[in-house]
Each structure stands twice: as C-alpha cells, then as structure tokens.
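Novice: Predicted model and sequence below, questions to follow.
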Amino acid sequence: MIIHQSNAQSQERPTVAVVGGGVSGLICARRLSHQGVNVTLFEAEPSLGGAIRTRFFAGHHIDLGAEAVHVSAPGMKELISELGLSEKLISSNQGSSWLWTRRGLRRLPAGVGPSGPRRLRPVLTSGVMSMRGLIRAGLEPLIPRRALVGDIGVGVYVSQRFGRQVVERFVDPILGSLHAGNVHKLSLRAITPELATIADTGSSVMMSRRGQKSGPPLSFATWPGGLSTLVNQILIDADVDVRTSTSVESVRKLINGRYQIAEINGNIIEVDAVVLAVPARVAANLIRSLSQNAAHILEKIRFASVATVLVAYPLEVATELRALKATGLLVPSTGGRLLKAATFLTTKWSHFADPQFFLMRLSSGRVDEREIEKLEDAELVARLHNDLVDATGINAEPIEYFVQRWPDAMPQLEIGHLELVVNARNELENYPGVLLAGASYDGLGIAACLRSGERAAALCRSLIKK
C-alpha cells in the first residue's frame, strides 16, 4: 500500500480528486487547477475523453462517440477561444437529413426538432404524415390544456398536443435516436426544458412559439484531428496529476473531515473533496460506504448499450445515389430495423472528401434492446449494411469497417430524472465535498457536460473555502 504525501508547499493548497476523465471531469479539473487547487484526476481507461474517442480510419481522423460540438451552445464558443482552437475549427456543410418512413425517404422538414414542429407549413409539404395526422397536428392550439403537475414523458406530452403521428414520425427518430431511448419514458423536464416551461403554463405549444426566434442556429463543428483535439487541449496549461488506466476502488470519509481515495492497485491519497464525474452506476459503487440511500437512488438510472460502426464504400458507387446527397438518415424505432441512424460523413464534412472512399457512421442500439450484444462484429456490420441497402439502394459492400461498442454507455434521463438527481445530491450533503458531475446527472452532449463540470468546480471551490 502506498500513501501519496504532498510536499509542504502543496499542503497549503486545497486538494481535490476528480474521478473520471470525460469532458465534465476535464473541465472541472482545469477550473480547479487555475484556482490554485491541487488536483488529481483518475481515469480507468488508457486515454482521456470519455465518450469522445477518435480513430484513424480510411486515412481520416473520425470520431466514434460524440461527432461534433454545437458552437452556439452556452459557454462552448468561449471555451474554444480560451483553448486557442477557434482558427482550426471546421463547420459542417449545409444540408438536411432523411427520415426513413413507410413511404420511403423523406426530407426532415425545416423547423422540426426533437420536441416536434415549430412550424406546420414545412410539415404539410414534407409527405411524412398522413392527411389525418396533419389535421390532428394542426388542431394543437384548440386542444384543451392544463398546467402540468410533476413530470411526464416527452412522447406522451407531444402526443397529447400534436397527436401520435408527430411522435412516431418525428420525435421518435430524432430524439429517440439521439438518446437511444424510449421517447414515452424520456423526461420532459430533463430532455426538453423549453417544452416543460410551456407545459407548466398550460399553454398551446404552437401559440407559445409563434413569433419567437428558434434560438441560435445549430452550428456544428469539429477539428481536422477530430474532437480529441478538444480533449487534448483542456489540460494543456493546467497543473493536474493525471492518472490514466487507474480505477478508483472506494471513497471514504476520514475522522479529520477529509476523504480517502483508494485505487484498485492499493495506492491511497487523501483529499479535501472529490468530484465523481463518472456514470451513475460507477458513482453508486464508490459512494455506497458513504450513503446507501444515495447509491440506491443512482442505481435507478438506466443505461442503453450502443454501437458505432465506421464504413468506407467505393466512392464511384456512392456518388451515383441521390439518397447520399443528404447529410444523414434517421430511423424510427417502430420500423424493426437494427440501424438507428447514419451520418454520411463525406457529404456532411468537407475534410472527409476522399478520392477513393465514401465514408459513413452507422449507429445502432436502444434501451431495452440487447440484440447488438449478441452479434459478432461482421454480423453487426452485415445487418446494418442490409438496412442501408434497403434505405438508399447502395449496391456495393463496404471496403473497410470498424466497430466501436459502447456497453451501458447512454444514460436514460427518464420521467422523474431531475428529482432523482436532486435527491441523490441532497443525500450527499451529509458529506460536503462529494459532488456528482456528468451526463448521468445533467444531460447528454458536450455542452451539457461542460456546464456540469463547471458547476461542480464552482461548488467544490466554495465548499473548500468554508
């Protein structure tokens, strides 16, 4: 057993352990380090980044997890500038995605997002919905309404307001694919806070949105070397003791009010506070000795296993297809397909132009589905390719492929999620200095993880000062 001792100078500075090297943990460690805190960051994997992982495939750096940053999201542009990464940023090409419907491929109408339509006119001309479904959606302002009490599934609420078809043909393939979840169980308050605000007032969704700007444009971007560029830069000017390939076994509170962090290899350090920037199931195991109640609460958060498959098709075959002129494809969960979504990388990103290959990312896996876990890599690729053939008509086999599996990686922010997280954090108030950060608690996406890590750093610093 090794106990790490700090030198005399560093003993005068507060010490914090950050467990988890994803975006939330990295930004938390950066902020604390810049505020004069001694930070030790633990990451069980050999490399940092969490859901950000870049692979060199078919001559290009392609991301296997998160694909892009939303530059207009709160705090993202400022961080990119702070890290000196603005000049090399690459924006995605303009274009639209396909929806795979019973009537074949249809363009995703303008103004339609994860929570349903903002404008009805593009939906009317899209050919996605039946006349009966269109009439029902158009009646939304006339549907009786009352203020929402508690939480509800996004799909349930949107169905109440716009009808079942809007959920099946828009919300499910967009929001359901993004979260690998069941839209009828995903929390309205946690997933779509804008809709929750409207629901709380008992207003019409369409009338509430009338005259409003749709918010900042969805400006997605990346770097030539992929999103790992962001990961590699966050700690570049921070004084952080980074320990990769290092799993934490336990977190215990000491008599002196500090915390003991025990690595699986037997090493031990003492710190003033600990930030658990890890999935809820991992955090539950680490805090069990502190609070059985908090651990039990976190264990209620469910996860979905997903897989990302990179494929390279012959360029001459792919460029002949009209379907591949779009930037991607979204597939409803009701279609009985293994394919959940596809991104046509060569069309979407200028830096993926290639004289030989047409590059794609194929996604599979949803909550409560375990089929992908039973398939070998070659079988999974074959199944996804067959779905792609049916959707686009591509008539060539992949020249090259790579499969990245993400077991139990997608937290499901289901009905009551916000209350659940509040309760878990309240239980941990008896252990000041033990904080939760990351997608399991505060939402999916790089921007959400960034805000979660910033919040944890600010709370941690304020607790240490007390």
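Specialist: Perfect, thanks for sending it.
Novice: now the closest residue to Ser204 other than its chain neighbours: how far from Leu195?
Specialist: Using CB to CB, 6 or more residues apart in numbering and skipping the chain neighbours, the partner closest in space to Ser204 is Pro141 (4.4 Å). In this view, the C-beta of every residue, glycine as well, is placed from N, C-alpha and C. As for Pro141, its distance to Leu195 is 15 Å (criterion: CB to CB, to the nearest Å).
Novice: These two - which one has more neighbours?
Specialist: Legend: neighbour count by other CB atoms under 10 Å for Pro141 and Leu195, higher for Leu195 (23 against 14).
Novice: what sits against the more buried one?
Specialist: Counting by CB atoms under 8 Å, 6 or more residues apart in numbering, Leu195 touches Ser115, Val154, Tyr157, Val158, Leu188, Val205.
Novice: Now tabulate these in TSV and tack on pLDDT and secondary structure.
Specialist: Putting these into TSV (pLDDT from 0 to 100; DSSP: H, G, I helix; E, B strand; the rest coil) gives the following:
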residue	pLDDT	secondary structure
Ser115	56	coil
Val154	94	helix
Tyr157	93	helix
Val158	92	helix
Leu188	95	helix
Val205	85	helix
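Novice: which one of these sits closest to Asn430?
Specialist: Proximity of these to Asn430 (CB to CB) peaks at Leu188, which lies at 30.8 Å.
Novice: okay, now the closest one: neighbour count?
Specialist: Neighbour tally, Leu188, other CB under 10 Å: 25.
Novice: and the gap between it and Val149?
Specialist: For Leu188, the distance to Val149 - CB to CB - is 12 Å.
Novice: Ala238 too?
Specialist: Taken as CB to CB, the span from Ala238 to Val149 is 45 Å.
Novice: how many neighbours does the spatially closest residue to Glu419 that is not a sequence neighbour have?
Specialist: In space, and not counting its chain neighbours, Glu419 is closest to Asp151: 7.2 Å by CB to CB, 6+ apart. Asp151 has 18 neighbours, counted by other CB under 10 Å.
Novice: Mind telling me what element Asp151 is part of?
Specialist: Asp151 belongs to no helix or strand when elements are defined using DSSP states H and E.
Novice: Was I right to think it contacts Leu418?
Specialist: Yes: contact criterion CB atoms under 8 Å: Asp151 and Leu418 qualify, at 7.3 Å.
Novice: residues shared between the contacts of the two?
Specialist: What both Asp151 and Leu418 touch, as defined by CB under 8 Å, 6+ apart, is the set Ser187, Arg189, Ala190.
Novice: ok, the residue lying closest to the first one once chain neighbours are set aside - contacts?
Specialist: In this case it means Ser187. Nearest residue to Ser187, sequence neighbours excluded (CB to CB, 6+ apart): His417, at 4.5 Å. His417 makes contact with Asp151, Ser187, Arg189, Ala190, Ile301 under the criterion CB under 8 Å, 6+ apart.
Novice: show me where the stretch 101-250 of the chain has helices.
Specialist: Ranges of helices within the stretch 101-250 of the chain are 121-124, 131-138, 154-162, 164-166, 177-179, 188-191, 193-201, 205-209, 228-234, based on DSSP state H, counting those that start in this stretch.
Novice: any chance of these in TSV, plus distance to Leu108?
Specialist: Below are the helices of the stretch 101-250 of the chain laid out as TSV (distance: least, CB to CB, whole Å):
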stretch	distance to Leu108
helix 121-124	9
helix 131-138	16
helix 154-162	16
helix 164-166	13
helix 177-179	12
helix 188-191	19
helix 193-201	19
helix 205-209	18
helix 228-234	27
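Novice: just so I know, which of these lies nearest Glu376?
Specialist: helix 177-179 (23.8 Å).
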